[in-house]
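Engineer: Provide a 3D model corresponding to the input given below.
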Amino acid sequence: MSADEGSTAQRWLEAELAGRAEEADRLFAAVAADLTAARAPARLAERVAQAVEGAHGNAGDPTGSRWHSLALVAVLALGAATAVWALLAALPFLGSGAVALLNFSAEGFVWVVRAVEGGLDGWAILRRVGQEIGEAVSTPGVTGGLVVVELVGVAALYALHRLLRIGREPRSKEDKQW
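Structural biologist: Below you'll find the model as predicted:
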């Protein structure tokens, strides 16, 4: 700020405090005009100009960084919406699932204690536990659930791989294939 700008700002404050509204408004307009006339540093102005020029240059290019940014935002929004939907859909089952898990673990602990008291060794207990797990997993509902979880995991890994590639220049032919 120059000395004149400082004195204009000082006069504006004095007029404001004294209650001279018209003079304060006129001086405020002068101070605001002086502030907007101030120039940004040359490097900053050049960077902004380059960014604006780059954004206009990539407007029709589907591989431009702007499209990558929009794709990233879209994927993140879709992921957040899916996560909220899944949480709301699973919320009623969480309470009953937690109770069932506690019941199964208590029953399993009692079964292991009785088996050890009855004379079964560790290998016999593990064989029986493996048979029960195999029977539980072989039911169609559980198998379908496992397949769905695996497919969601593969899709998530692919999406993560694509997101991490956004904005990165390919270094070799192998990188260009992905």
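Engineer: Every contact and neighbour count from this point should use C-alpha atoms.
Structural biologist: Noted.
Engineer: if I look at the residue nearest to the spatial centre of the chain, how far off is residue 147?
Structural biologist: By Cα atoms, centre = their mean, the chain has its centre lying nearest to residue 76, at 5.6 Å. Distance, residue 76 to residue 147, using Cα to Cα, to the nearest Å: 24 Å.
Engineer: can you check residue 99 too?
Structural biologist: 25 Å.
Engineer: C-terminal to the longest helix along the chain, what's the next element?
Structural biologist: For the chain, the longest helix by residue count, based on DSSP state H, is helix 65-117. Where DSSP states H and E defines the elements, the next helix or strand beyond helix 65-117 is helix 122-137.
Engineer: Which residue ranges make up each domain of the protein?
Structural biologist: Split into domains by automatic domain parsing, the chain comes to 3-57, 70-138, 140-178.
Engineer: what mean pLDDT does the last one have?
Structural biologist: The average pLDDT within domain 140-178 is 78.
Engineer: Please apply the same query to stretch 104-120.
Structural biologist: 86.
Engineer: So which residues make contact with that stretch?
Structural biologist: Outside stretch 104-120, the residues that touch it by Cα atoms under 8 Å, 6 or more residues apart in numbering are residue 125.
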